[in-house]
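J.: Below are the sequence and a predicted model for it; my questions follow.
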Amino acid sequence: MTKKGIHIVFLLFFCFSLLAQNKSDSLAVNFHLEFDKLPLEVNKKYVSSSKDTLTIETFRCYISNIQVHYNDKSVFTQKDSYHLLDLDKPNSFKIPITKKSDKLISKITFNIGIDSVTNNSGALTGDLDPAKGMYWAWQSGYINMKIEGKSSSCKTQKNEFQFHVGGYLQPYYAMRTIEINGNININIGIDLNVFFSNVNLKQINSVMIPGKLAMELANLSTKMFHLE
């Protein structure tokens with residue numbers, strides 16, 4: 001091999017080593033969508049604790065304002081922290097935060113949904129782009145969480161259910177804050193069985209606007225998140 005060839009091989013090895021190191025040195029929050037603690041499968045039939053048979057076709061949820069709290073009382077706040085978890089995009093469930101630190105993590109906090117200031121800014125770009133299908137209108141703002149699917153319990157067209165949870169104006173401010181005890185690898189489960197075990201699909205199968213019911217579902221959504 002020529003001297004030039006050796007230099008090229010060395011450079012390639014150096015670049016790959018840096019990429020591997022950066023990946024291993026990166027702190028990320030890993031969300032896992034579940035049903036009764038098992039990985040969720042699209043269009044698979046599930047039976048909730050309320051005995052409703054259902055399938056999940058759509059799940060989208062905004063995670064915002066991620067903060068990492070350390071044992072020394074310092075806090076890292078992610079800049080421009082708006083992330084859309086999307087069942088159709090598995091990679092969206094892993095959110096890189098910052099470089100790993102020798103400091104011990106005491107907890108991580110984040111919001112389910114979008115804050116009122118951002119909502120008042122109107123439609124934005126990136127994960128906040130209205131093309132993502134998570135923006136109602138200027139008056140109603142962003143949808144914080146969207147869950148759609150089918151159940152024989154729903155006496156609707158095609159047995160569909162649609163839960164669009166949002167609202168940023170009082171008294172219907174639907175954003176919620178989650179606090180999770182942290183560790184080196186932050187793995188957070190989102191268990192949809194918790195949601196459907198507390199919703200009677202025979203009576204409630206559609207929420208499409210901000211209001212009292214959306215607030216109740218926003219409160220319920222906080223119980224879905226747990227440290228794995």
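T.: Perfect, thanks for sending it.

J.: Please name the strands paired to the strand ranked longest in the chain in the sheet, noting orientation.
T.: Under DSSP state E, the strand in the chain containing the largest number of residues is strand 53-70. With DSSP bridges as the test, strand 53-70 is paired with strand 46-47 (antiparallel), strand 75-77 (antiparallel), strand 82-86 (antiparallel), strand 105-112 (antiparallel), strand 141-151 (antiparallel).

J.: can you list the weak-confidence ranges in the chain?
T.: Residues of the chain that meet the criterion pLDDT under 70 lie in 1-25, 123, 183-185.

J.: let's see 80
T.: Judged by pLDDT under 80, the chain has its weakly predicted residues at 1-26, 100-101, 122-123, 138-139, 182-185.

J.: correct me, but residue 71 touches residue 101?
T.: No. The pair residue 71 and residue 101 does not pass the contact test of CB atoms under 8 Å, sitting 10.8 Å apart. (Each C-beta comes from the backbone N, C-alpha and C, glycine too.)

J.: Looking at the two, which is more packed in?
T.: For residue 71 versus residue 101, the count of surrounding residues by other CB atoms under 10 Å is larger for residue 101: 14 against 11.

J.: Tell me the secondary structure at the more buried one.
T.: Three-state assignment for residue 101 (DSSP: H, G, I helix; E, B strand; the rest coil): coil.

J.: That one reaches residue 69, doesn't it?
T.: No. Contact status for residue 101 versus residue 69: not in contact, 12.0 Å apart, counting by CB under 8 Å.

J.: buried ones in stretch 45-65?
T.: Within stretch 45-65, the residues that count as buried by 16 or more other CB atoms under 10 Å are 46, 48, 52, 54-56, 59-65.

J.: Farthest-apart pair in the residues you listed, please.
T.: For those, the farthest-apart pair by CB to CB is 52 and 65; their separation is 33.2 Å.

J.: Now do the phi/psi pair for residue 38.
T.: For residue 38, the backbone dihedrals are phi -110, psi 150 (criterion: degrees, to the nearest 10).

J.: hmm, back to that, how far away from the center of its chain is the longest strand of the chain?
T.: Using CA atoms, centre = their mean, to the nearest Å, we find the averaged C-alpha position of strand 53-70 to lie 2 Å away from the chain's own average C-alpha position.

J.: which of the strands paired with strand 53-70 is buried the deepest?
T.: Of all the strands paired with strand 53-70, strand 141-151 carries the top mean neighbour count, a mean of 23, counting by mean count of other CB atoms under 10 Å.

J.: immediately after that one, which helix or strand?
T.: Tracing the chain past strand 141-151, the next element assigned as helix or strand by DSSP states H and E is strand 160-166.

J.: Apart from its chain neighbours, what residue comes closest to residue 72?
T.: Here the nearest residue to residue 72 in space, its sequence neighbours aside, is residue 103; by CB to CB, 6 or more residues apart in numbering that works out to 5.9 Å.

J.: With residue 54 instead?
T.: Ranked by CB to CB, 6+ apart and with sequence neighbours excluded, the top spatial neighbour of residue 54 is residue 151, at 3.9 Å.

J.: separation between that neighbour and residue 37?
T.: Spatial separation of residue 151 from residue 37 under the definition CB to CB, to the nearest Å is 20 Å.

J.: Residue 119 too?
T.: For residue 119, the distance to residue 37 - CB to CB - is 33 Å.

J.: More neighbours: which of those two?
T.: For residue 119 and residue 37, the more surrounded residue by other CB under 10 Å is residue 119, and the numbers stand at 25 against 12.

J.: Cool, thanks, talk later.
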